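Novice: Fold the stuff below for me.
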Amino acid sequence: MNTSSLAYHQGELRVARDRANPQRLVPEPGNAQSILDIGCGAGQTIVALGLSERATGLDVDLDALRFGARGAMGEPLKAAAGMGERLPFRDAAFDYVYSRVALPYMDIPAALARCTACCSPAGGSGSPCIRLRFPRSNSAAGT
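Specialist: Predicted coordinates:
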């Protein structure tokens, strides 16, 4: 699978927009004003959720970032090239940090530590606003 092709990212955008698609896995950032998508690709999730004004994407795939910056997903993407383990953002820069699919490809403890540092405290509680969601798998039992 070529994840740097425009067709791949356009397909992902279709999935992210289709609420009935069982492969759809998108965050729910609510009223967060500053959002970071780690592993954003071309920004398909950001665009599908209408977050272009509030979100920044990060990815290691320069081709995907170029697609996003040119508006290939429908709106220009604000993004940076980089790795989750070394986020190029100041501490507490974001209200909401998410990674749809990229976390398993990272040094997870290092990435989570950096995500925590980049995320502002939630509602004054001091808890970082990091959301991890995993897709439901289809087990042999049919669930």
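
Novice: Low-confidence stretches in the chain?
Specialist: 1-4, 122-143 (pLDDT under 70).

Novice: So which residue is dead centre in this protein?
Specialist: For the chain, Asp37 is the residue whose C-alpha lies nearest the centre (C-alpha atoms, centre = their mean; 2.9 Å).

Novice: That one and Ile46 touch, don't they?
Specialist: Yes - contact criterion C-beta atoms under 8 Å: Asp37 and Ile46 qualify, at 5.5 Å. C-beta coordinates here come from the backbone N, C-alpha and C atoms, glycine included.

Novice: Show me what secondary structure element comes after the helix or strand harbouring Ala80.
Specialist: Assigned by DSSP states H and E, Ala80 falls within strand 79-81. Scanning forward in sequence from strand 79-81 by DSSP H and E, the next helix or strand is strand 96-98.

Novice: mind checking how far Leu62 is from Ile35?
Specialist: Computed as C-beta to C-beta, to the nearest Å, the Leu62 to Ile35 distance reads 22 Å.

Novice: Looking at those two now, which is surrounded by more residues?
Specialist: A count of neighbours by other C-beta atoms under 10 Å puts Ile35 above the other of Leu62 and Ile35, at 22 against 10.

Novice: which one is that one nearest to, not counting chain neighbours?
Specialist: Ala55 (4.0 Å; C-beta to C-beta, 6 or more residues apart in numbering).

Novice: give me the number of residues near the one you found?
Specialist: 27.
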